[in-house]
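In: missing the sequence, but the structure's below:
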Ligand SMILES: [Ca+2]
């Protein structure tokens with residue numbers, strides 16, 4: 001650290017001693033910290049304010065270790081399914097639904113998203129608000145933004161959104177906790193999603209995603225803004241014949257072909273109906289010794305906007321169905 005920068009930090013460290021301030025910002029490359037401070041000054045933040053916050057951020061090696069572990073992509077569907085569709089998660093989903101029934105009903109009425117999908121998302125993300133994350137968001141986003149070059153650009157951008165979001169919602173940036181990747185609240189929104197899709201749903205004019213009422217409205221709003229259409233089919237099980245369909249295998253299930261054209265390539269439904277001119281896709285899921293096929297429609301693709309994994313989206317869909325079924329019994 002240069003003398004110039006040390007002086008700046010001493011001036012900035014209002015609540016901390018100069019020594020501890022240096023120790024904290026020394027966690028991060030100086031050129032990146034400087035660039036970030038400038039970037040936030042362009043957004044109307046005082047240099048001293050930004051530096052003071054960064055002084056209090058701490059590099060967390062455990063976060064780098066966590067994000068470096070292999071992702072869910074390596075799992076087969078049957079293993080993935082077992083993780084998410086546990087009987088306790090289904091039962092707790094029914095309890096959550098019953099507790100917040102009027103709010104869930106209002107979300108469906110106003111935003112078109114059925115309760116079971118909102119409940120399933122919150123169940124998969126945080127076990128209905130039980131685990132919303134133990135890391136300070138400031139530490140997560142500075143660690144990944146400044147000390148994880150592979151995704152530094154993305155997380156520095158999220159750090160910028162975090163500064164803006166806490167200013168907009170009058171939240172304390174030092175107090176907020178989330179996942180190791182900086183995802184917040186019952187629905188685990190990252191800062192940019194928080195700014196774009198979080199809504200106030202209990203009338204206090206603050207979008208507080210740790211508040212279940214706001215979280216329910218915000219998850220529904222996220223879906224609605226990503227193209228969810230009320231009352232439409234999400235995904236149907238299918239079978240394949242021949243191999244003409246192979247060129248239409250999709251990665252995330254983005255509807256790209258009319259159902260009649262996919263049918264002509266050897267795909268048939270195991271249950272349900274689709275209009276012949278409806279846009280669909282074809283997805284393949286690996287089991288231990290075999291494969292499963294599904295035809296996703298627009299609403300399935302909307303779920304993948306929450307998390308791009310087709311495994312994630314199918315787990316959310318099936319958990320939603322199981323919770324809805326369990327609640328009727
Ligand atoms: Ca609120």
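Out: Nice, I can see it. Worth saying up front: this structure is predicted, and the values here are computed from it rather than measured.

In: for the ion, what are the nearby residues on the protein?
Out: Taking CB under 5 Å from the ion as the criterion, the neighbours of the ion within the chain are 200, 202, 204, 206, 208, 214. No exception for glycine: its C-beta is placed from N, CA and C like everyone else's.

In: Just give the number of residues close to the last one.
Out: Neighbour count of residue 214, defined by other CB atoms under 10 Å: 25.

In: Please name the residues that touch it.
Out: The neighbours of residue 214, taking CB atoms under 8 Å, 6 or more residues apart in numbering as the test, are 198-202, 206-208.

In: again, only this time at 10 Å
Out: For residue 214, the residues meeting the contact criterion (CB atoms under 10 Å, 6 or more residues apart in numbering) are 103, 185-187, 198-204, 206-208, 221.

In: Tell me how far stretch 129-137 lies from the chain's centre.
Out: If you compare the mean C-alpha spot of stretch 129-137 with that of the full chain, they lie 13 Å apart, counting by CA atoms, centre = their mean, to the nearest Å.

In: quick one: low-confidence parts of the stretch 151-300 of the chain?
Out: Nowhere does the stretch 151-300 of the chain drop to pLDDT under 70.

In: Tell me how many other residues surround residue 197.
Out: Using other CB under 10 Å as the criterion, residue 197 is surrounded by 20 other residues.

In: which residue sits closest to it, ignoring its sequence neighbours?
Out: The shortest distance from residue 197 to any residue other than its chain neighbours is 4.4 Å, reached at residue 222 (CB to CB, 6 or more residues apart in numbering).

In: Out of the contacts of residue 214, which is nearest to residue 318?
Out: Relative to residue 318, the closest of the contacts of residue 214 is residue 187; by CB to CB it sits at 18.7 Å.

In: Look up how far residue 112 lies from the closest one.
Out: If you measure residue 187 against residue 112 using CB to CB, to the nearest Å, the figure is 17 Å.

In: Likewise for residue 250?
Out: Summarising the geometry, the distance separating residue 250 from residue 112, computed by CB to CB, is 24 Å.

In: which of those two has more neighbours?
Out: Set side by side, residue 250 and residue 112 give different neighbour counts by other CB under 10 Å, the larger being at residue 250 (19 against 15).

In: Got the phi and psi for the residue nearest to that one when sequence neighbours are not counted?
Out: Counting by CB to CB, 6+ apart, residue 281 is the residue found nearest to residue 250 once chain neighbours are left out, at 3.9 Å. When read as degrees, to the nearest 10, the backbone of residue 281 gives phi -140, psi -180.

In: State the distance from residue 281 to residue 261.
Out: When distances are taken as CB to CB, residue 281 and residue 261 turn out to be 12 Å apart.

In: joint contacts of the two?
Out: By the contact definition CB under 10 Å, 6+ apart, residue 281 and residue 261 are jointly contacted by residue 248.

In: okay, these two: which has more neighbours?
Out: Legend: neighbour count by other CB under 10 Å for residue 281 and residue 261, higher for residue 281 (24 against 15).

In: and the more buried one, what is it in contact with?
Out: Remark: with contacts taken as CB under 10 Å, 6+ apart, residue 281 is in contact with 235, 248-257, 262, 294-298, 300-301, 310.

In: do that again at 7 Å, thanks
Out: Listed by CB atoms under 7 Å, 6 or more residues apart in numbering, the contact set of residue 281 reads 250, 253-257, 296.

In: if I look at it, how far off is residue 226?
Out: Applying CB to CB, the value for residue 281 to residue 226 is 16 Å.

In: residues near the residue in the stretch 1-150 of the chain that the ion sits nearest to, how many?
Out: Using CB to the ion, the closest approach of the stretch 1-150 of the chain to the ion is made by residue 103 at 11.3 Å. Per other CB under 10 Å, the neighbour tally for residue 103 reads 20.

In: so it touches residue 215, yeah?
Out: No: under the criterion of CB atoms under 7 Å, residue 103 makes no contact with residue 215, lying 9.6 Å away.

In: Just give the nearest non-adjacent residue to the residue of the stretch 51-200 of the chain found nearest the ion, would you?
Out: At 3.9 Å from the ion, residue 200 is the closest residue in the stretch 51-200 of the chain, using CB to the ion. Taking CB to CB, 6+ apart as the measure, residue 200 lies nearest to residue 207, with 5.0 Å between them; neighbours along the chain are not counted.
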